[in-house]
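# can't give you the sequence, but here's the structure:
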């Protein structure tokens, strides 16, 4: 209502002279373009700066199996990132997708439970990673005695990425037209079969986009991992400590001796994130053109 | 299967409860040994002498967040207006993935960029050591840009086209229709985007720890170092023991409460937007 009332103030616009109005408009529009150029310029600056200083140092010796202070290999960090991602998604994808199915297909829309899950998912998404770090350390490392390990880190990150997957699954399912379900019911399929065989496949691109974004977030996460998965420089098993790429980058920068190699790690991290983003938006675009 | 689906949906609720429980159970014993008022309002942080005052970090967190908002909000909102109403379609198509990429870049890469490029730049051309409130704020501003742009863009696009058409019909130009009719109507959404940005900035750790100098003193001018609540936890958790360790968990509890308050503020503005 107030917005409508405010738009009535347009009548006041006829008071200032046409001259002033035109200059004001041009100025505001110019400011918009300036802001857009700044935003794009910043992105370009970051990407170009990291690439220019990092790509020349991507040597084959940085991908040797064993890390030594001579080759400063990042292969272990890449493999740890992969296992961390896989293990983490192993927990968050089923829980997120099943939960999303419940919210979209089974729960009464707008029921108290649905509202509560939405609020808590939003809360989880808003909790800073350093709080997750504390929780992961207190809960998984100490209380459940998993120690500083890839598993502790993966469980912590699973909680962090859960809200993204849950909400995206719910929204993708809700976007599937009702007629699909009616058609399936009409042919005699039950609720579960309809959900799994008819509705879920249609919603799959949306869910996949969320999973890809989660992979990007897991590869980039640092704060939550330092005290849960640790900083060991080896290819870690699930119950061993091992650093991921982003932790590797942080440690190299802190040590200060391997800045050149740190730039190379930053390039690899950027490539992963760009790739995940591109794939995710590609899938999302496919989804919108089909729908 | 229905039961399994239901249980999965409840994991979120359970997770919030368990996270809160772990934080409070591990953090609250500290307050039995140390008066909460001295903790929150104390200006000195000296773990070796068992003096734990986190006011410098609380002020520091809000200081850099305010700086980030001051820089990031105008640029973000104006960029969103540009994308919604002024830029031609091909430009918008190029900008959308770019903004998503800005959101996807890991905070440790932002921090690395900051400490390698911005810190020396400030040290050589403006003064100080370079590790400063200024660099931390600039970096945070960049990091909250995508949040503000995406939320504002959604809010502006959600304003009914009739507002714009009505304004044109009254004789206003395209520009003044955008700024006087559409943007004011999108204000609640834009504000909730800013609140979301504040939440992100106050919770950020990695980027700040690399560029802020991290001195646990009351923050001074823009070129002095600063330590935030998040940094306090991450920096000292590695070697802290006993009361010191508990004080860090208590720092986490304070941060958690601040973030919760901001989240509540966000959902408050969001509700108002939905009602409109």
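Structure received. The structure displayed is predicted, hence computed values, not measured ones. Numbering: from 1, shown residues only, chains lettered A, B, ... in the order given.
# tell me the phi and psi of the residue nearest in space to the middle of chain B?
With distances taken as Cα atoms, centre = their mean, chain B has residue B:201 as the residue nearest its mean C-alpha position (2.0 Å). Backbone torsions of residue B:201, given as degrees, to the nearest 10, read phi -70, psi -40.
# contacting residues around it?
By Cβ atoms under 8 Å, 6 or more residues apart in numbering or on different chains, the contact list for residue B:201 reads B:64, B:65, B:68, B:69, B:140, B:143, B:144. In this view, the C-beta of every residue, glycine as well, is placed from N, C-alpha and C.
# redo the residues you listed as CSV? Include secondary structure.
Shown next, in CSV, are the contacts of residue B:201 (DSSP: H, G, I helix; E, B strand; the rest coil):
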residue, secondary structure
B:64, helix
B:65, helix
B:68, helix
B:69, helix
B:140, helix
B:143, helix
B:144, helix
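# between those residues, which is closest to residue A:65?
Ranked by distance to residue A:65 (Cβ to Cβ), those are led by residue B:143 at 35.0 Å.
# correct me if wrong: the closest one contacts residue B:207.
Yes - in terms of Cβ atoms under 8 Å, residue B:143 counts as a neighbour of residue B:207; the distance is 6.3 Å.
# name the residues of the strand or helix carrying residue B:135 that are buried.
Here residue B:135 sits within helix B:133-157, counting by DSSP states H and E. Using 16 or more other Cβ atoms under 10 Å in any protein chain shown as the test for burial, helix B:133-157 gives B:133-153, B:155-156.
# can you sort out which of the residues you listed also neighbour chain A?
B:142, B:145, B:149 (Cβ under 8 Å from any Cβ of the partner chain).
# just to revisit the earlier point, now do the shared contacts for residue B:143 and residue B:207.
By Cβ under 8 Å, 6+ apart, the residues touching both residue B:143 and residue B:207 are B:107, B:110.
# list the contacts for the residue in the stretch 51-200 of chain B that chain A sits nearest to?
When scored by Cβ to the nearest Cβ, the stretch 51-200 of chain B has residue B:106 as its residue closest to chain A, at 2.7 Å. Contact analysis of residue B:106 by Cβ under 8 Å, 6+ apart lists A:219, A:220, A:221, A:222, A:246, A:269, A:273, B:206.
# which one of the residues you listed sits closest to residue A:100?
Of the contacts of residue B:106, the one sitting nearest to residue A:100 (Cβ to Cβ) turns out to be residue A:221, at 22.2 Å.
# neighbours of that closest one, how many?
29 (other Cβ atoms under 10 Å in any protein chain shown).
# kindly report the same for the one 3 residues further on.
Neighbourhood size, residue A:224 [other Cβ under 10 Å]: 28.
# could you list which residues are in contact with it?
Listed by Cβ under 8 Å, 6+ apart, the contact set of residue A:224 reads A:129, A:130, A:132, A:133, A:136, A:153, A:156, A:157, A:160.
# what's the answer for residue B:82, then?
A:32, A:33, A:35, A:36.
# for residue B:181, give me phi and psi.
Per-residue torsions, residue B:181: phi -110, psi -50 (degrees, to the nearest 10).
# hmm, back to that, which pair in the contacts of residue B:106 has the greatest spatial separation?
Comparing every pair within those by Cβ to Cβ identifies A:273 and B:206 as the most remote, at 14.4 Å.
# so residue B:8 is in contact with residue A:95, correct?
Yes - taking contacts as Cβ under 8 Å, residue B:8 lies within contact range of residue A:95: 4.7 Å.
# counting neighbours, which of the contacts of residue A:224 comes out on top?
residue A:153 (35 neighbours).
# ok, and that residue, which helix or strand is that part of?
Here residue A:153 sits within helix A:150-174, counting by DSSP H and E.
# swap in residue A:89?
Going by DSSP H and E, residue A:89 is part of helix A:75-101.
# how distant is the next helix or strand after that helix from the center of its chain?
For helix A:75-101, the following helix or strand on the C-terminal side (DSSP H and E) is helix A:112-126. Its chain's C-alpha centre and that of helix A:112-126 lie 18 Å apart, by Cα atoms, centre = their mean, to the nearest Å.
# buried residues in helix A:112-126, which are they?
A:114, A:117, A:118, A:120, A:121, A:122, A:123, A:124, A:125, A:126.
# do I have it right that the fourth one meets residue B:19?
Read that as residue A:120. No - applying Cβ under 8 Å, one finds residue A:120 not in contact with residue B:19, separated by 10.2 Å.
# picking up where we left off before, out of residue A:273 and residue B:206, name the residue with the larger neighbour count.
residue B:206 (29 against 22).
# show me where chain A dips below the pLDDT cut-off.
Judged by pLDDT under 70, chain A has its weakly predicted residues at A:1-21, A:287-291.
# and the longest helix for it?
Longest helix in chain A, counting residues (DSSP state H): helix A:18-54.
# that one: which residues count as buried?
Taking 16+ other Cβ under 10 Å as the neighbour-count basis, helix A:18-54 is seen to contain the buried residues A:21, A:25, A:28-29, A:32, A:35-36, A:38-40, A:42-43, A:46-47, A:50, A:53-54.
# with stretch B:81-91 instead?
Of all the residues in stretch B:81-91, those buried under the rule 16+ other Cβ under 10 Å are B:81, B:82, B:83, B:84, B:85, B:86, B:87.
# before we move on, what about stretch A:138-158?
Buried-residue list, stretch A:138-158, by 16+ other Cβ under 10 Å: A:138-141, A:146, A:148-158.
# just give the number of residues close to residue 182.
Unless you meant another one, I'm taking chain A. 11.
# that's the wrong chain, I wanted chain B
Residue B:182: 23 neighbours (other Cβ under 10 Å).
# what do you get for residue A:131?
Residue A:131 has 24 nearby residues by other Cβ under 10 Å.
# could you say what helices and strands the helix or strand hosting it packs with?
According to DSSP H and E, residue A:131 maps onto helix A:129-136. For helix A:129-136, the packing partners by 3 or more Cβ pairs under 8 Å, 6 or more residues apart in numbering or on different chains; DSSP states H and E come out as helix A:150-174, helix A:223-226, helix B:2-27, helix B:187-203, helix B:229-236, helix B:242-275.
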